[in-house]
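Asks: what follows is a predicted structure for the sequence shown.
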Amino acid sequence: MKLEFGIDFGTTNSACIGILDGRKVTKYTDGEDEPFPSVVMIDKVTGEVICGREAWNRRQELSESCEIFTSIKTHLGTSQTWKIAGKIWTPEMIASQIFMGLKTQVMASAGKQMKLETAVVAVPVGFPAHKRKSLREAAKMAGIEIKSMVSESTAAAFQSFDKIGSFSHFAVFDWGGGTLDISILENEKGTIKELAIGNEYLGGDDIDLKFAKYVHLKVEKEDPRNISFEDMPARFRDLMIARCEVAKKEYSYKDDVIIRLNKYGEYGAINISISYHEFNRLIQPEISRALECLESTLRKIHWNLENLGCVLLVGGSVKLRPFIEKIEESWNCYKIYPEESDWSVSYGAARLSIEEGNYVLADSIGVLLSNGGFYPIAKADTRLDRLETTASFAIVEDTDTAHFIFADSFGNVLEYVHVPTFGFFQEQVDVRLSVDPNQVLKFVARSQKRSEKFEVVWQYSSPKLIYQLPITI
């Protein structure tokens, strides 16, 4: 038996999918049929770590006694550290707690014999190389090897390719608990090219908190005690937010929802009815921001909705009834709602773990020659795992330095590199190219007349890439 894993390491929630022997799919849930909240809390005195659903449910209650990290992904690749209970914590150490939480969920479901040790991990579009390296380190601390990384939009597209494969241009609208990420993609026979990206720090958590404050105002009007939501004891704020998260989902099949709590601080038991009309009106500003994010992303390439064949909607927040009603009314393009939208990215990553696609260089990178020509060292349309090569050049004058101008195929200068030489006419200088697991291109230049200590290294961490899905057209 072989179990392949895909992980959507999200800002607010992280989802893990396992596929056994290429057929049986398992969602590793947090006990509430939901993804694993990417929340880590560390007790300021004892250093005890709480993460996942328990941390999410108690984040208000423990806000004073614990350091709470709700978006550690944004700190990956930085030198930020935190001293907690006498221990120095790095972003990688904190992120590793989320990976360990996912491992625990897998073990609880699949048993100790089926361990989460390797996975394909989905990351945001444009996730830079230094953050990729940091994420690998975090996973390694948890005993997980990241086989490869794929953009979240590409993973989602692969999962739904049977529905979107006929469209040459489409958008992935990924609206989760903490962020909204949008990708405008071009599809050419399964080769996916990212044309534009956009994002908003806006998600389901913001709506839950806004809804909780609204319900609190209703409670206060019925039983005035002059207590603001912020002044409520933390554990009751947690209870209200958690109940409102459930309530917003109930509106998908109810027109009225009753918010009940057996005890809500000094207010005692509460029983508040909120109509769908009220909820709809309450969150229209957030929905408008989400729609504007797509429109502004399209404007980056001078497009509008009419240029899209379809929009693929993934993430937990795209299931909100007011949002669905709004886009059905205002978007004329074809819309695709996967059955389990908040698991689409991790499912796509798991399928890519079984049969991985290939990153391909979208644009050549090379050197400008003295005669004005361009010599490509890393050639466009070459798979990233096949880029390793060596190119040889000869200096055309007596000089103790060979000057290289690295550029793309359009002549845009990327870097100036100066290589020590002995000064012989037509002295040969070799440029060796390799690619590391984080998609960084490494160029090492050295004269054949010089020892290795005279090597000059240039690393290019932002190559333009396209992704070839493992599909048959």
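Replies: Thanks, I have it. It should be emphasised that the depicted structure is a prediction, and the values quoted were computed from it without experimental measurement.

Asks: all contacts plus neighbour counts: C-alpha atoms, from now on.
Replies: Noted.

Asks: where is the longest helix in the protein?
Replies: helix 276-299 (DSSP state H).

Asks: if you average pLDDT over that helix, what comes out?
Replies: Mean pLDDT, helix 276-299: 97.

Asks: same question, stretch 135-142
Replies: Across stretch 135-142, pLDDT averages out at 98.

Asks: coming back round to it: quick one: contacts of the longest helix of the chain?
Replies: Here helix 276-299 makes contact (CA atoms under 8 Å, 6 or more residues apart in numbering) with 173, 180, 182-184, 196-200, 202, 207, 211, 251, 254-257, 304-305, 322-323.

Asks: mark which of those are part of helices, please.
Replies: Using DSSP H, those in helices are 207, 211, 322-323.

Asks: out of these, which one sits closest to residue 407?
Replies: Using CA to CA, residue 323 comes nearest to residue 407 of these, at 45.1 Å.

Asks: tell me the pLDDT of the closest one.
Replies: We note a pLDDT of 98 for residue 323 in this prediction.

Asks: okay, now it: neighbour count?
Replies: Other residues near residue 323 come to 20 when the count uses other CA atoms under 10 Å.

Asks: same question for the one 4 residues further on.
Replies: Here the neighbour count serves as a burial measure; for residue 327 (other CA under 10 Å) it reads 14.

Asks: any idea how far it is from residue 469?
Replies: 29 Å (CA to CA, to the nearest Å).

Asks: ok, residue 202 - how many residues close by?
Replies: Counted with other CA under 10 Å, residue 202 comes out at 20.

Asks: swap that for residue 65, sorry
Replies: Residue 65 has 13 nearby residues by other CA under 10 Å.

Asks: isn't it up against residue 41?
Replies: No - assessed by CA atoms under 8 Å, residue 65 is found out of contact with residue 41, at 9.4 Å.

Asks: domain-wise, how is this protein divided?
Replies: For the chain, automatic domain parsing gives the domain ranges 1-160+341-356, 204-282, 358-468.

Asks: which pLDDT does the model give residue 394?
Replies: 89.

Asks: mind pulling up the pLDDT for residue 111?
Replies: Per-residue pLDDT puts residue 111 at 69.

Asks: shift numbering so it begins at 27
Replies: Shifting the count to begin at 27 puts that one at residue 137.

Asks: still on that earlier bit, reformat the domains of the chain as JSON lines; add distance to residue 318.
Replies: Compiled in JSON lines, the domains of the chain are given as follows (distance: least, CA to CA, whole Å):
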{"stretch": "domain 27-186+367-382", "distance to residue 318": "19"}
{"stretch": "domain 230-308", "distance to residue 318": "17"}
{"stretch": "domain 384-494", "distance to residue 318": "27"}
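
Asks: and those, which is most packed in?
Replies: With neighbours taken as mean count of other CA atoms under 10 Å, the domains of the chain reach their highest mean count in domain 27-186+367-382, at a mean of 20.

Asks: sorry, back to before: which single one of the ones in helices among the contacts of helix 302-325 is nearest to residue 109?
Replies: Taking CA to CA as the measure, residue 233 is the one of these closest to residue 109, at 32.0 Å.

Asks: all the strands of the stretch 277-426 of the chain, residue numbers only.
Replies: Using DSSP state E, counting those that start in this stretch, the strands of the stretch 277-426 of the chain run over residues 282-287, 296-301, 336-340, 360-362, 384-387, 391-394, 400-404, 415-420.

Asks: can you redo those as TSV with distance to residue 378?
Replies: Below are the strands of the stretch 277-426 of the chain laid out as TSV (distance: least, CA to CA, whole Å):
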stretch	distance to residue 378
strand 282-287	40
strand 296-301	43
strand 336-340	18
strand 360-362	21
strand 384-387	10
strand 391-394	28
strand 400-404	25
strand 415-420	27
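
Asks: compare those and give me the one nearest residue 248.
Replies: Among these, if distance is taken as CA to CA, the winner is strand 296-301, at 9.4 Å.

Asks: the closest one vs strand 282-287, what angle?
Replies: 160 degrees (axes from the mean of the first three to the mean of the last three CA atoms, to 10 degrees).

Asks: can I get strand 296-301 in CSV? Just the C-alpha atoms.
Replies: Extracted C-alpha coordinates of strand 296-301, given in CSV (Å, rounded to 0.1, in the frame of the first residue of the first chain):
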residue,chain,number,x,y,z
ILE,A,296,-29.2,34.3,25.1
ASN,A,297,-31.5,33.5,22.3
ILE,A,298,-31.2,35.9,19.3
SER,A,299,-32.9,35.4,15.9
ILE,A,300,-31.0,36.9,12.9
SER,A,301,-32.7,36.9,9.5
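
Asks: so where's the chain shaky on pLDDT?
Replies: 137-139, 451, 498-499 (pLDDT under 70).

Asks: could you rerun that using 80?
Replies: For the chain, the stretches with pLDDT under 80 are 27, 56-58, 136-140, 422, 449-452, 498-499.

Asks: what about the helices in it?
Replies: Listed in chain order (using DSSP H), the helices of the chain are 79-83, 117-136, 155-167, 178-185, 187-190, 230-248, 260-276, 302-325, 347-356, 370-380.

Asks: how far does the third one sit from the chain's center?
Replies: Going back to what we said before, that points to helix 155-167. With CA atoms, centre = their mean, to the nearest Å as the basis, helix 155-167 stands 13 Å off its chain's centre.

Asks: kindly report the same for the first one.
Replies: The offset between the C-alpha centroid of helix 79-83 and the centroid of the whole chain comes to 21 Å, using CA atoms, centre = their mean.
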